[in-house]
Structure formats: structure tokens, C-alpha cells
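Student: Coordinates for the following, if possible.
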Amino acid sequence: MNVLTRIRMGEGLSDGERALAQALLADPERALGESAKQLVRRAHVSQATVYRLCEKLGCSGLSDLRVRIASALPAFRGESAGVDVNFPVRAGQGGREVMGAIERDLAQTLAATANVLDPCELDRAAALVLSAGRVFVLATAGNVAFAQNFRFQMAEIGRVVVVPVDEYEQRLVASSAGEGDVVILVSFGGRGFVAPSAAELLSRRGVPVVLVASAGATPLDHLAEVKLALSPQEDHVRKVSPFATGASLLYVLDALFARVFVEDFDGNLVTRGRRSCHRSVPAARARTRETIPRDTPVMRSICRTEMRQDSSFLSASSRLGLGSDTTSLGCMPPSSDRARSVASSSLSGRRSSSTSMHRSPVPASPWSCSNASTPPRRESTVSQLVRPTGSESPR
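Tutor: Residues are numbered from 1 along each chain as shown. Coordinates of the predicted model:
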């Protein structure tokens, strides 16, 4: 962590040490040329306070602290641009002013995140993900979208990441995860309905937890094996929108994915190039089924979710007259084998029944090609698609 950022956060400092920290932050360039006596006189503290602060910052003495401040100063200026991250925009601003305000807000946030994110912790988190049999990401509210984006990135290089959205499914993951699994827990302040209890349970079960949270102290820090720090500048409640938190979280998850990617750079490039959108997701789901035991609450919940998604997809495609084979149109085919087989048999049955009814053909449009045939209109519902073949619907 950037030493000046750590001084500004002021965690675990006494009143005298905070006064000294304020003197250092007020004019860091001046502090580089001051002796211990001059710094003590300006901060109105004792000389022992200087060395206690150096010790808490992990410095061997004042000279070491000066070297660290000098190296950290350029990056620290980037996160000290004077932007109010809670209210970057103001009433009455036009489009140009809003765009400039958001640009400055994001630039300051990215600089602040880079200053608090520990590269060694990033290396450890990537090593855990690479060695894990299963990787789960637990996130809530707006953070789910960023977790889903991370899941998609990992699927493109052939790695399965499960992101349960429902609170019940998240609790199932926390209770069923075991040795060999890794859970990435996203919680800015360590609050929420799931995060505290999930972290406690995972810690007791010996499951490594990668905590993605504010660089400030949180109630979950002692339960995590690795912590990836987010920019702590934004207030939890009083703000326009979580612009800074969202940008900081995207930065951290992108950095984690990139760190995993570079471990096998050439191989991952080849894998990503081979995969297309309509092939990667079914393959990732198939590997998920292989790694998760079938007769478990987590697997049953995942299968139910996939069935709902596949049934909705087939129902929509059937209403549009696309049939069950949509690969030629660039659409994603259903991934569930059961849904695919049920849908195919259902559609075949409907085609045979429609033929037996001797429906009159639809007249061809004068603008259609002479060799093009108009497919019969097919209507279906989710209940018809998921009903086993041969069953009758209630009258």
C-alpha cells in the first residue's frame, strides 16, 4: 500500500501520531528535507512519536520513511486531485460538465485503488484461484453485475466460476464448500445479510476466502486468507451513486483475471480464440456439473436455474418460428440436455399433430423467393416445453 495513503487512513494511530501524520500530509515535499527536530516542532509532538509512527508504518527510521514518501508521492498526487467522490456532479450542470466530473472522479478512484491494492495479495489470490477445484463468488446488490462479468471472463479461458445470485443459493454454497474450493467474497464494508455469516462458516470449514473489501478495517478481515483492497474514499450512504466503488471493484476483478491469464498467456490466448459465445457457456456449465456432486443442494439449484433459462429461451425461439435449432442465426443454443431433448420431442410431436390436422398452407408472399418455403407457425409455452413426452395437459 502507498505509504502516504496509509498515513491518511490513519488506522491504529494515537492522537500524537495522527497530528504527525497530518503534518506530513499537509506538505510532503517539505517533510523530505526536514530533520526530526524540525518535524517535531512543526507537528507539536515528541521525538519519540516520530519513531513510533515509523515503526507502525514498517519503516526502520525517519530516513527510510523519507525514501518511501518520495517514491509514493507521484501516485499519491493522482488520488488527491480534490474530487468529491460522493458528490462529483452538482445541480444545474450540463452534459459537458457532467462528463468532465465523472472522468475526474474515475481517474482519482483508479489511482486510489492502485495505491491500496497490494501486489503480493493479488499474487496470492491468483494462486488460490488457479489451484482451486471450484471457485465461487458471493456478491450482492450492484456488485453482482461485476461478479458476473468476472465469471464470463474466466469462462472464455475455460475456467469455471459459479456466481449464485439468490441469497438462499449463496447460503448453500457457504455450507457446502469444502477443501479444494475457493470463495471470493465481495463486501465493501463487511456488512450485509450473507457476508458475515458466510465468512464465519467458511472460516470454520477451512475454505480459503478472498475478501474484496474496503482498504479500511472491516469486521471480516480476520476471517479472510487474502484481502484485495478497494478504494475507501466513498461514503457508504451519503452519495449520488457508487461511482467510485463500482470503478474500484471493476479494477480489482480485472486485475485478478489478468493475473490468472498471464500464468499461461499463450495457452489462454489460444483457448479464448477457439471459443465462441455459443460454445463457451455450455462447456463451462458441463464442467460445473462434473466438479459439483449431483446429489447436492447447490447442484439441484444450479440445474433448476438452467432449466428456467433454457425453457424461456426455447419458448421465445418457438414463438418467433425459429424452431429448436438456432445456431445458424448466431443465437446461443440451450445448454441443458434435458431441456433440449424435451423441447425437440415436443416440437416434433407438434409438427406431426399439425400435419394430421391438414392445415391449409399459408400463401407465399409475392416478395419471397420462389424456392423458399414458409414454415408453419408454432406456438409454445414454458409448461409445454418442460412437460415429459407423452403427458397430457390438464383440460
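
Student: Verify the assumption that A91 is located in a strand.
Tutor: No. Read with DSSP: H, G, I helix; E, B strand; the rest coil, A91 is coil and lies in no strand.

Student: so N149 makes contact with F257?
Tutor: No. Here N149 lies out of contact with F257, judged by CB atoms under 8 Å, at a distance of 9.2 Å. (Glycine included, C-beta is placed from N, CA and C.)

Student: pLDDT weak spots in the stretch 101-250 of the chain?
Tutor: Low-confidence segments of the stretch 101-250 of the chain, defined by pLDDT under 70, are absent.

Student: go with 80
Tutor: For the stretch 101-250 of the chain, applying pLDDT under 80 flags the ranges 192-193, 236.

Student: So what's the residue count around V89?
Tutor: If you count neighbours by other CB atoms under 10 Å, V89 ends up with 17.

Student: returning to that earlier point: so for N149 and F257, which sits in the more crowded spot?
Tutor: Between N149 and F257, counted using other CB under 10 Å, the more crowded position is F257 (21 against 16).

Student: measure stretch 158-176 end to end?
Tutor: Stretch 158-176 stretches 23 Å from its first residue to its last (CA to CA, to the nearest Å).

Student: Now it: buried residues?
Tutor: 158-164, 169-174, 176 (16 or more other CB atoms under 10 Å).

Student: tell me the two of these that are most distant?
Tutor: G158 and R171 (28.6 Å; CB to CB).

Student: what would the buried residues of stretch 158-176 look like in JSON lines with distance to G267 and secondary structure?
Tutor: Below are those laid out as JSON lines (distance: CB to CB, whole Å; DSSP: H, G, I helix; E, B strand; the rest coil):
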{"residue": "G158", "distance to G267": "9", "secondary structure": "coil"}
{"residue": "R159", "distance to G267": "12", "secondary structure": "coil"}
{"residue": "V160", "distance to G267": "17", "secondary structure": "coil"}
{"residue": "V161", "distance to G267": "18", "secondary structure": "strand"}
{"residue": "V162", "distance to G267": "23", "secondary structure": "strand"}
{"residue": "V163", "distance to G267": "24", "secondary structure": "coil"}
{"residue": "P164", "distance to G267": "29", "secondary structure": "coil"}
{"residue": "E169", "distance to G267": "32", "secondary structure": "helix"}
{"residue": "Q170", "distance to G267": "32", "secondary structure": "helix"}
{"residue": "R171", "distance to G267": "36", "secondary structure": "helix"}
{"residue": "L172", "distance to G267": "33", "secondary structure": "helix"}
{"residue": "V173", "distance to G267": "29", "secondary structure": "helix"}
{"residue": "A174", "distance to G267": "32", "secondary structure": "helix"}
{"residue": "S176", "distance to G267": "31", "secondary structure": "helix"}
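
Student: nearest to A141, of those residues?
Tutor: A141 has its nearest neighbour among the buried residues of stretch 158-176 in Q170, at 12.3 Å by CB to CB.

Student: gap between the closest one and V183?
Tutor: Going from Q170 to V183 by CB to CB, to the nearest Å gives 10 Å.

Student: what touches both of the two?
Tutor: Common contact partners of Q170 and V183 (CB atoms under 8 Å, 6 or more residues apart in numbering): 138, 198.

Student: circling back: switch the buried residues of stretch 158-176 over to TSV; also include distance to V194.
Tutor: Listed next are the buried residues of stretch 158-176 as TSV, based on distance: CB to CB, whole Å:
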residue	distance to V194
G158	29
R159	24
V160	21
V161	18
V162	15
V163	13
P164	10
E169	10
Q170	5
R171	7
L172	11
V173	10
A174	8
S176	14
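
Student: Nearest to L230 among these?
Tutor: L230 has its nearest neighbour among the buried residues of stretch 158-176 in V163, at 18.2 Å by CB to CB.

Student: what's near enough to touch the closest one?
Tutor: 136-137, 139, 144, 147-148, 150-151.

Student: Just the buried residues of the residues you listed.
Tutor: Listed as buried from the contacts of V163 are 136-137, 139, 144, 147, 150-151; burial here means 16+ other CB under 10 Å.

Student: What is the most widely separated pair among the residues you listed?
Tutor: Pairwise distances across those (CB to CB) peak at 13.0 Å, for the pair F136 and V144.

Student: quick one on the thing from earlier: which ones among the contacts of V163 lie within strands?
Tutor: 136-137 (DSSP state E).

Student: Pick out whichever of the contacts of V163 sits closest to R77.
Tutor: Minimum separation from R77 among the contacts of V163 (CB to CB) is found for F150, which lies at 30.3 Å.

Student: Excluding chain neighbours, give the residue nearest to that closest one in space.
Tutor: Closest residue in space to F150, ignoring its immediate chain neighbours: L253 at 4.5 Å, by CB to CB, 6 or more residues apart in numbering.

Student: how about the strands in this protein?
Tutor: 134-138, 161-162, 181-186, 209-214, 226-230.

Student: Which strands or helices does the first one pack on?
Tutor: Applying 3 or more CB pairs under 8 Å, 6 or more residues apart in numbering; DSSP states H and E, one finds that strand 134-138 contacts helix 143-156, strand 161-162, helix 167-176, strand 181-186.

Student: Nearest to L13, out of the ones you listed?
Tutor: L13 lies closest to strand 181-186 among these, at 27.8 Å (CB to CB).

Student: Pull out the buried positions in that closest one.
Tutor: Neighbour-count burial for strand 181-186, with 16+ other CB under 10 Å as criterion, is recorded at 181-186.

Student: Turn the residues you listed into TSV, including distance to L228.
Tutor: Output for the buried residues of strand 181-186, formatted as TSV (distance: CB to CB, whole Å):
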residue	distance to L228
D181	18
V182	13
V183	13
I184	9
L185	10
V186	9
